[in-house]
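Participant: Build the 3D model from these lines:
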Amino acid sequence: MTEKDDFALQDFLPYLLNRAAEDSSLEFQAHYKNRYGMLRNEWRVLFHLGTYGQMTAKEIGQRAKIHKTKISRAVAKLSERRFVLRNRDEKDRRSEHLALTSAGEAAYRDLTDQAKTYDRQLASRFSPEEAALLRNMLRRLAGIEEPRG
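Facilitator: Numbers count the residues shown, from 1 in each chain. Just a heads-up that it's a prediction; the model follows:
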């Protein structure tokens, strides 16, 4: 097979980012799917509520870049499993305030421990300086602020 032009897909940044994200995400999926039967958007909603506390679906969607219908399905599943409480907003009946239940908090803490371990495994492929640089560059590309801490 010969190259038709000088474009190399293997060097195309969006392709590389997508492959790295998909591969690492699928590997971590085993933790939340096997342990709790969650799908990707469900654990993302759980993590946002665990990290930021009470939020609306709209706020989660804006922060996580997830479409509102996907959030709605994820919230419904998490609510069925009694991981999330849904309280109607008295001022805007179309909106709900979402919060983790004690079972949701426990799942969040468990999966946070799993996530930390997995993150260390991924980062160990790089030197500490490379891992810090990679995190910084990815945050800049994603428009995410550096964590306070």
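Participant: Leaving out sequence neighbours, find the closest residue to the most centrally placed residue in the chain.
Facilitator: For the chain, the residue nearest the mean C-alpha position is R44 (4.0 Å; Cα atoms, centre = their mean). Leaving aside its sequence neighbours, R44 sits nearest to A64 (Cβ to Cβ, 6 or more residues apart in numbering; 5.4 Å). From N, CA and C alone the C-beta is placed, and that goes for glycine too.
Participant: And for R73?
Facilitator: Per Cβ to Cβ, 6+ apart, closest to R73 is N41, 7.2 Å.
Participant: give the contact list for that neighbour.
Facilitator: Counting by Cβ atoms under 8 Å, 6 or more residues apart in numbering, N41 makes contact with I66, K70, I71, R73, A74.
Participant: Buried subset of those, written for PyMOL?
Facilitator: The following PyMOL line selects those of the contacts of N41 that are buried, judged by 16 or more other Cβ atoms under 10 Å:
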select buried, resi 66+70+71+74
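Participant: Any chance of the contacts of N41 in a markdown table with pLDDT, secondary structure and distance to L85 as columns?
Facilitator: What follows is those, written out as a markdown table (pLDDT from 0 to 100; DSSP: H, G, I helix; E, B strand; the rest coil; distance: Cβ to Cβ, whole Å):
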| residue | pLDDT | secondary structure | distance to L85 |
| --- | --- | --- | --- |
| I66 | 93 | coil | 20 |
| K70 | 96 | helix | 20 |
| I71 | 95 | helix | 15 |
| R73 | 97 | helix | 17 |
| A74 | 97 | helix | 14 |
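Participant: H97: which of the contacts of N41 is nearest?
Facilitator: I71 (13.7 Å; Cβ to Cβ).
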